[in-house]
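>>> Sharing a model that was predicted from the sequence below.
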Amino acid sequence: MSPYAHITGWGMAVPENVLTNFELEKIVATSDEWIISHSGIRERRIAQDGQTCSSLASEAALKALELANVYPTDVDLIIVATSSPDQIFPATACSVQDAIGAKNAGAFDLSAACTGFIYALDMASNAIRSGSIKTALVIGSETLSRFVNWQDRNTCILFGDGAGAFVLQASQEPGGFLGSVLRSDGSGADLLTLPAGGSKQPASPTTVKNGSHYIQMKGREVFRFATRVMAQSTTEVVQKANLNLQDIQLIVPHQANQRIIETAAKSLNFPLERIMINIDRYGNTSTASIPIAVCEAVQNGKINQGDRIVFVAFGAGLTYGAALVQWSGPLPVKRKVHPARYRWFARLRSLTLRWWRRIEGWIWGKHA
Ligand code: UT7
């Protein structure tokens, strides 16, 4: 019998640095009142110098592994969903693999903007269900503050930095990932984009002068699209599993705008108390928003074993989609994991490898 893919660990990492609406008032022509009434955001976290997409992702991943009681060396696959990777290549997921010491894992980045975490969850779950892997790390991680034009009040008030991670494990116990709906509408690509720095518009003094290396967004149009597809994807994923909305205990939506979430709840006729919202404290952390919201929902007792939960998102692409899961929690295991020790081992291993490559290069250079 093919296995089920269970979420057995979860973890989040956000920078300590808080940027409030009041502080933003000093940077651009905006106000705390406008930001709260138009988006629901009060503050967001901003990565400090040295903090990167991969470092936040690694921190969240280690917390998720600790909770799941899984050794990094047992991980078969790492997917990092992100729109703000450390660099175009190599993949941020490879840096995470090295940092946490997951030496048996394949690793790649997934680009589906804010819907990325749902896409990644689907890919990893189906790899587990097919029997090709047993354990996966699915991570959403962002440092969007590095791609925001701090003079553009249409965008700079919205985004925040952070990461969230899930451990997925194979088990014959029914539950876990129950299904998903993944969609895109590329005709809306220009509504939310970071135009420069790719092969179509390589970075140049002109692209920098034009500000094309910053996020550009037609907020109104994205808003209209979002309110339509959030409710549509939720309905579709629930119907696909032969369930109805009464069978769903919690919806965890992408935290882009409180008004979008409220509009979707209204058109679904779903009680707002059963929708997880924490946008006020983190802003829009893109791929990280759903796993961060899940971590806080568990902490606040909003998620219990056996609950059926819908994750739903939309984003640049335009992409959208939803996933339905039955909450399981950590699988029973006897061993004890010490992630702090792993971090130390992983760092030592990485430094030793680096030095070894240097010595090798020096020897081969001498004998060439
Ligand atoms: O993960 C996906 C990411 N993207 C999104 O989710 C974006 C979805 N869209 C939105 O969340 C909303 O469209 C925004 C919050 C971005 C904007 O809210 P809105 O109600 O759609 O405002 P608007 O863009 O239509 O602008 C209304 C007015 C404009 O002034 P005028 O032309 O009416 O005089 C803007 O210039 O508000 C002005 N405005 C601001 N005023 C104060 C725009 N941004 C600001 C601001 N502070 N930060």
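Yep, it's here.
>>> who's in contact with the residue of the stretch 101-250 of the chain found nearest the ligand?
Closest residue of the stretch 101-250 of the chain to the ligand, C-beta to the nearest ligand atom: residue 219 (3.0 Å). Where C-beta positions appear, they are placed from N, C-alpha and C, glycine not excepted. Residue 219 makes contacts with 154-155, as judged by C-beta atoms under 8 Å, 6 or more residues apart in numbering.
>>> Could you do residue 11 as well?
Residues in contact with residue 11 (C-beta under 8 Å, 6+ apart) are 59-67, 164-165, 295.
>>> how about a cut-off of 7 Å?
Counting by C-beta atoms under 7 Å, 6 or more residues apart in numbering, residue 11 touches 60-64, 67, 165, 295.
>>> Spell out which residues of the stretch 151-300 of the chain are next to the ligand.
Residues of the stretch 151-300 of the chain found near the ligand (C-beta under 6 Å from any ligand atom) are 153-154, 157, 192, 217, 219-220, 222-223, 226, 256-257, 284, 286.
>>> In helices only, show me those residues.
Judged by DSSP state H, helices contain the following of those: 219-220, 222-223, 226.
>>> okay if I get those as TSV plus distance to residue 308?
Formatted as TSV, these follow (distance: C-beta to C-beta, whole Å):
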residue	distance to residue 308
219	33
220	34
222	29
223	28
226	23
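>>> if I look at the residue of the stretch 101-250 of the chain closest to the ligand, how far off is residue 314?
Look at residue 219 and residue 314: by C-beta to C-beta, to the nearest Å, they are 13 Å apart.
>>> count of residues packed around residue 71?
16 (other C-beta atoms under 10 Å).
>>> next one: residue 42
Other residues lying near residue 42 total 17 when counted by other C-beta under 10 Å.
>>> what's the closest non-adjacent residue to it?
In this structure, residue 42 finds its nearest non-sequential neighbour in residue 280, 4.6 Å apart by C-beta to C-beta, 6 or more residues apart in numbering.
>>> After whatever helix or strand that neighbour lives in, which helix or strand is next? Please name it.
Per DSSP states H and E: residue 280 is located in helix 279-282. Following helix 279-282 in sequence order, the next helix or strand is helix 289-299 (DSSP H and E).
>>> by contact count, what packs against that next one?
For helix 289-299, the elements it packs on are strand 4-13, strand 162-171, strand 250-253, judged by 3 or more C-beta pairs under 7 Å, 6 or more residues apart in numbering; DSSP states H and E.
>>> again, only using 8 Å
If you count contacts as 3 or more C-beta pairs under 8 Å, 6 or more residues apart in numbering; DSSP states H and E, helix 289-299 packs onto strand 4-13, helix 116-129, strand 135-142, strand 162-171, strand 250-253, helix 279-282, strand 308-315.
>>> Surely residue 168 touches residue 8?
Yes. The pair residue 168 and residue 8 passes the contact test of C-beta atoms under 8 Å, sitting 7.1 Å apart.
>>> that older thread, most neighbours out of the ones in helices among the residues of the stretch 151-300 of the chain next to the ligand, which is it?
residue 226 (25 neighbours).
>>> thinking that one is in contact with residue 256, fair?
Yes. Counting by C-beta under 8 Å, residue 226 touches residue 256, with 6.5 Å between them.
>>> If you count contacts, what does the helix holding residue 280 end up packed against?
Contacts defined by 3+ C-beta pairs under 8 Å, 6+ apart place helix 279-282 against strand 43-45, helix 258-268, helix 289-299.
>>> Which of those sits closest to residue 112?
When these are compared by C-beta to C-beta, helix 289-299 sits nearest residue 112, at 12.5 Å.
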